[in-house]
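Novice: Give me coordinates for this.
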Amino acid sequence: QVQLVESGGGLGQAGGSLGLSCVASGQTFRSYTVAWFRQAPGKEREFVAAIRWNGITYYPDSVKGRVTISRDNAKMTVNLQMNRMEPEDTAVYYCAASSTIILSRLRSPDAYDSWGQGTQITVSS
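Specialist: Next comes the predicted model:
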């Protein structure tokens, strides 16, 4: 497992942009799949984006075109850029990682064994 720390959350406005970072430590995570999930009050944790060791990215339709995930293995960092934000994007955002991901489960929180503490994004209308 790796240790993950998210940063970059905060308050944004509808139509604006925010960026999140997830920094890993403890082990090399070059081979890890890293994902972002979010959880709004009273809702289940929701898949936002994932990036595999080879740079292939995955997005749900709900954010596709507005969200970009990227990684810098040298800095052990995965970034999430959110554009054209909507109030519905308000949630706690979590970074997650797995070294043994099964692609069919890549969008499931249960597939990941390392999690950050989460960072809040609040989007005002």
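
Novice: what about the residue nearest the centre of the chain, distance to S125?
Specialist: The chain has W36 as the residue nearest its centroid, 1.8 Å off, counting by Cα atoms, centre = their mean. Distance of W36 to S125, given as Cβ to Cβ, to the nearest Å: 23 Å. (Each C-beta comes from the backbone N, C-alpha and C, glycine too.)

Novice: Low-confidence ranges, this protein, go.
Specialist: Low-confidence segments of the chain (pLDDT under 70): 27.

Novice: Now do the strands in it.
Specialist: Secondary structure of the chain by DSSP state E: the strands cover 3-7, 10-13, 18-25, 33-39, 46-51, 57-58, 67-72, 77-82, 91-98, 114-115, 119-124.

Novice: Give me the neighbour count for the nearest residue to A35 once chain neighbours are set aside.
Specialist: What sits nearest to A35 in space, not counting adjacent residues and going by Cβ to Cβ, 6 or more residues apart in numbering, is A50, at 3.8 Å. Here the number of neighbours of A50 (other Cβ atoms under 10 Å) works out to 26.

Novice: Identify the residues contacting A50.
Specialist: Going by Cβ atoms under 8 Å, 6 or more residues apart in numbering, A50 touches T33, V34, A35, W36, T57, Y58, I69, L106, R107.

Novice: between those residues, which is nearest C22?
Specialist: V34 (6.7 Å; Cβ to Cβ).

Novice: ends of stretch 49-67, how far apart?
Specialist: 8 Å (Cα to Cα, to the nearest Å).

Novice: Give the bridge partners for G10, please.
Specialist: For G10, the beta-bridge partners are I121 (DSSP bridges).

Novice: gap between the residue nearest to the residue nearest to the centre of the chain when sequence neighbours are not counted and G26?
Specialist: Once flanking residues are discounted, W36 sits nearest to V48: 4.2 Å by Cβ to Cβ, 6+ apart. Distance from V48 to G26, counting by Cβ to Cβ: 23 Å.

Novice: More neighbours: these two, which one.
Specialist: Neighbours were counted for V48 and for G26 using other Cβ under 10 Å; V48 has more, 24 against 11.

Novice: What are the neighbouring residues in contact with that one?
Specialist: Applying Cβ under 8 Å, 6+ apart, the residues near V48 are A35, W36, F37, R38, Y59, P60, V63, V67, L80, Y93.

Novice: I appreciate the help and will end here.
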